[in-house]
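Engineer: 3D model of this:
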Amino acid sequence: MTIDDENRPARQRVTLTGISSRAWEHPADRGALTALRELRGFDDVVRSFFGMWNERGFRLSYLAGSIRVDHRQYPRVYQRFTEAAATLDVAELPELYVTQAPMIHGEAIGMDKPFIVITTAAVEKLDDDELRALIGHEIGHIRSGHAVYKTIMMILTKWATNVSWIPIGAIALRAIIAAMYEWWRKAELSADRAGLLAGQDPAASIRLLMKLAGGGDLSQIDTAAFLEQAAEYEGGGDLRDSFHKIGMTAWSSHPVPVARAAELRKWVDGGDYGRILAGEYDRRDSDGNASVTADVKAAASHYRETFENSQDPLVTLARRVSGGAADLGDWAGTQAGRAANWASTAAGAAGRAARRTSRPADDTNGSDGGTSAP
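Structural biologist: Below you'll find the predicted structure:
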């Protein structure tokens, strides 16, 4: 199955009955999530202490100043919403709002009762298939529970600011935050896969990313040329470009659009997408059997493979200096395990801090726990 299937006849989407979010989660995302989920009770602490007040306030602000989508308001959007949810086997629909903004954008907000917000630009500039992919992306964030864990990153960022006068403490926290940003970028790739599974139209998912990069008019944009940009970004240029890319991405929560398109194509061409549509996927009723060790190993394997196959000039130089990819590939692979361990350690520390300073639920303040995407 390939991305370039625009001319294929339309077919009915496959309902992915009982599908677990683990089925679409990127290996690096899944490894960190599994480790974090092992911290029993931490989700409840974060939700109660950091989410309740701001989550209610954010919902109220959108209820007051945006349009809540249902069969009467934005019925076209509501139809795409119900289709995406049904395909991903989501029985209880979160609330969906459309807010006025000139950029194509969507986000999932909240932890206790999350809701989705998309912009008027998305409604106006996306066709039905692209809109279904966008909404599926946000449903994917909610199903994976990403908002709870992104809150940890927000907490740590504040801590890093507070202890910036302590060199060792600041350096240690910044290392953890950098690892969590790396995890969050992989979480965005997970949500892209959820969006594709919701719409089951690879061409539409790529068009969505093209519109995010270049606006809503694709009449003068070519899919093949866009993917050529992705290949040039990944492996073109020299060492200066490699260092620029590090600076562009190290503290960013989102991969660049061309990289997201390339990753989605790899996922499709690698066969995972087709296997899921054929019924080979993790079910929700087996989530309790997830193994931290197995998922961290899968994340390490991903990083190792990425290092060994990367065309980036800096990575290529590192392989040459090392006399081969194997040793440095093993080193790169261990970073996935370290990122998961850092995330787990950070989560525990945040949870302990929350418990020490916790107040009654009706007097809480903190992060809204939103996930901004795509």
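
Engineer: Residue 98: what secondary structure?
Structural biologist: strand (DSSP: H, G, I helix; E, B strand; the rest coil).

Engineer: Kindly tell me how buried it is, as a neighbour count.
Structural biologist: Neighbours of residue 98 under the rule other CB atoms under 10 Å: 20. The C-beta positions use only the backbone N, C-alpha and C, and glycine is treated the same way.

Engineer: how about the strands in the stretch 201-350 of the chain?
Structural biologist: Using DSSP state E, counting those that start in this stretch, the stretch 201-350 of the chain contains no strands.

Engineer: show me where pLDDT drops low in it?
Structural biologist: 250-251, 253, 290-292, 295-296, 298-317, 319-320, 322-350 (pLDDT under 70).

Engineer: for it, what spans make up the helices?
Structural biologist: 202-214, 223-235, 239-249, 257-269, 272-277, 292-309, 313-322, 325-357 (DSSP state H, counting those that start in this stretch).

Engineer: Report the contact partners of the nearest residue to residue 101 once chain neighbours are set aside.
Structural biologist: Leaving aside its sequence neighbours, residue 101 sits nearest to residue 119 (CB to CB, 6 or more residues apart in numbering; 3.9 Å). Contact partners of residue 119, counting by CB atoms under 8 Å, 6 or more residues apart in numbering, are 98, 99, 100, 101, 102, 103, 104, 105, 106.

Engineer: For the last one, give me phi and psi.
Structural biologist: Read that as residue 106. phi -150, psi 160 (degrees, to the nearest 10).

Engineer: Check which helix or strand the nearest residue to it once chain neighbours are set aside maps to.
Structural biologist: Nearest non-adjacent residue to residue 106, counting by CB to CB, 6+ apart: residue 118, 4.4 Å away. Using DSSP states H and E, residue 118 sits in strand 115-119.

Engineer: cool, residue 108 as well?
Structural biologist: Using DSSP H and E, residue 108 falls in strand 106-109.

Engineer: which SS class is residue 29?
Structural biologist: Taking three-state DSSP as the rule, one finds residue 29 in the helix state.

Engineer: Give me the number of neighbouring residues for it.
Structural biologist: 28.

Engineer: That one contacts residue 189, correct?
Structural biologist: Yes - with contacts counted by CB atoms under 8 Å, residue 29 reaches residue 189, the gap being 7.1 Å.

Engineer: State the distance from residue 116 to residue 84.
Structural biologist: Plainly put, residue 116 is 10 Å away from residue 84 if you go by CB to CB, to the nearest Å.

Engineer: out of the two, which sits in the busier spot?
Structural biologist: residue 84 (28 against 25).

Engineer: The helix or strand hosting that one packs against which elements?
Structural biologist: Applying DSSP H and E as the criterion places residue 84 in helix 75-87. For helix 75-87, the packing partners by 3 or more CB pairs under 8 Å, 6 or more residues apart in numbering; DSSP states H and E come out as strand 96-99, helix 128-144, helix 167-199.

Engineer: Of the ones you listed, which stretch is the most buried?
Structural biologist: Among the helices and strands packed on helix 75-87, helix 128-144 has the highest mean neighbour count (mean count of other CB atoms under 10 Å), at a mean of 26.

Engineer: that older thread, tell me which strands and helices the helix or strand that the strand holding residue 118 is followed by is in contact with?
Structural biologist: Note on strand 115-119: by DSSP H and E, the next helix or strand toward the C-terminus is helix 120-125. In terms of contacts (3+ CB pairs under 8 Å, 6+ apart), helix 120-125 is packed against strand 96-99, helix 128-144.

Engineer: List the contacts of helix 120-125.
Structural biologist: Residues contacting helix 120-125 (CB under 8 Å, 6+ apart): 74, 76-77, 98-106, 131, 134, 211, 215-216.

Engineer: Endpoint to endpoint, stretch 212-222 covers what distance?
Structural biologist: Start-to-end span of stretch 212-222 (CA to CA, to the nearest Å) is 14 Å.

Engineer: Show me which residues of it are buried.
Structural biologist: For stretch 212-222, a neighbour-count test (16 or more other CB atoms under 10 Å) marks 212, 213, 218 as buried.

Engineer: Closest to residue 203 out of those?
Structural biologist: residue 218 (11.0 Å; CB to CB).

Engineer: From residue 143, how far out is that closest one?
Structural biologist: 29 Å.

Engineer: again with residue 192
Structural biologist: Look at residue 192 and residue 143: by CB to CB, they are 14 Å apart.

Engineer: Low-confidence regions, the stretch 51-200 of the chain specifically.
Structural biologist: Low-confidence regions of the stretch 51-200 of the chain, defined by pLDDT under 70, span residues 51-54, 150-174, 176.

Engineer: and residue 113, helix, strand or coil?
Structural biologist: The three-state label given to residue 113 by three-state DSSP is coil.

Engineer: shouldn't it be in contact with residue 55?
Structural biologist: Yes - counting by CB under 8 Å, residue 113 does reach residue 55; the two are 7.1 Å apart.

Engineer: Please say which of the two ends up with more neighbours.
Structural biologist: For residue 113 versus residue 55, neighbours defined as other CB under 10 Å are more numerous around residue 55 (25 against 14).

Engineer: May I ask you to confirm that that one is in contact with residue 147?
Structural biologist: No - using CB under 8 Å, residue 55 is not in contact with residue 147; the gap is 9.2 Å.

Engineer: With that, I have no additional questions.
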